[in-house]
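[1] Need coordinates for the below:
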Amino acid sequence: MGGGQMKRRGLMLVLSSPSGAGKTTLSRLLLESDPAIQMSVSATTRKPRAGEIEGRDYYFIDGTEFERRAKANEFLEHANVFDHRYGTPKKAVEDILASGKDVLFDIDWQGTQQLKQQARDDVVSVFVLPPSHDELERRLRARAQDEEDVVQRRMAKAADEISHWAEYDYIIINDDVGAAQMQLETILAAERLKRGRQLGISTFVGELTRKS
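    Residues are numbered from 1 along each chain as shown. Model prediction:
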């Protein structure tokens, strides 16, 4: 078995950011460019929106079923967001990891903490920052024609989210999306090469050093 074909255990790549930092765009670009990573599909108690497909966008379940799964520890992380519940199904993620693929998560700092508690060795966390306070405000204003108080609330929420930056393994400042995408791909490539993720490496090295 050559080193280039070394089997490996997949990793969990978490991408978090305040609204307006470009996380959604970076996630889409990574998924389009790298077939070895899949987006985590969350379960939710909210109703499907137009165009959303069961199993692709979300797993849609009712509150009773969500509570049952949460009590049975079937979620890697779960949270309440705007009166609805969201959770990451554990088995689906574990199946992807066992196949040697990676899983991409779009979750906040609280979900990231829960994920690390469940599977610290498999988690690689990346926080995406805007290039400046002024640029973040410009992006939030451009996103929606909201009242000034709404914009200020979003800025305050972004400041709270940014305050958790030091809890992440890597930081990307998204000034140029092309450069940010390259940085994200570099992080992923390096993490995939870590010794502990390369299954069978001990046997491989043993074969290299075996006496004839």
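
[2] Could you report the separation of residue 171 from residue 180?
    Residue 171 sits 11 Å away from residue 180, taking CB to CB, to the nearest Å as the criterion. All C-beta spots, glycine's among them, are computed from the backbone N, C-alpha and C.

[3] More neighbours: those two, which one.
    Taking neighbours as other CB atoms under 10 Å, residue 171 and residue 180 compare with residue 180 leading, 22 against 13.

[4] That one: what's it in contact with?
    Contacts were defined as CB atoms under 8 Å, 6 or more residues apart in numbering; by that measure residue 180 touches 22, 26, 128, 172, 173, 174.

[5] Determine which two of these are furthest apart.
    The span of the contacts of residue 180, defined through CB to CB, is set by 26 and 173 at 12.0 Å.

[6] between these two, who's got more neighbours?
    Taking residue 26 and residue 173 together and counting by other CB under 10 Å, residue 26 has the greater number of neighbours (24 against 15).

[7] Quick check: the more buried one touching residue 182?
    No. In this structure, residue 26 sits apart from residue 182 without contact. The criterion is CB atoms under 8 Å, and the distance is 10.6 Å.

[8] Which neighbours do the two have in common?
    The contact lists of residue 26 and residue 182 share no entry, where a contact means CB under 8 Å, 6+ apart.

[9] quick revisit: for the contacts of residue 180, could you give me CSV that also reports pLDDT and secondary structure?
    Putting those into CSV (pLDDT from 0 to 100; DSSP: H, G, I helix; E, B strand; the rest coil) gives the following:
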residue, pLDDT, secondary structure
22, 88, coil
26, 96, helix
128, 97, strand
172, 97, strand
173, 97, strand
174, 95, coil
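
[10] Give the ranges of residues in this structure that sit below the confidence cut-off.
    Regions of the chain meeting the criterion pLDDT under 70 cover residues 1-5, 143-146, 212.

[11] Can you tell me which residue is spatially central in it?
    Nearest residue to the geometric centre of the chain (CA atoms, centre = their mean): residue 105, 2.2 Å.
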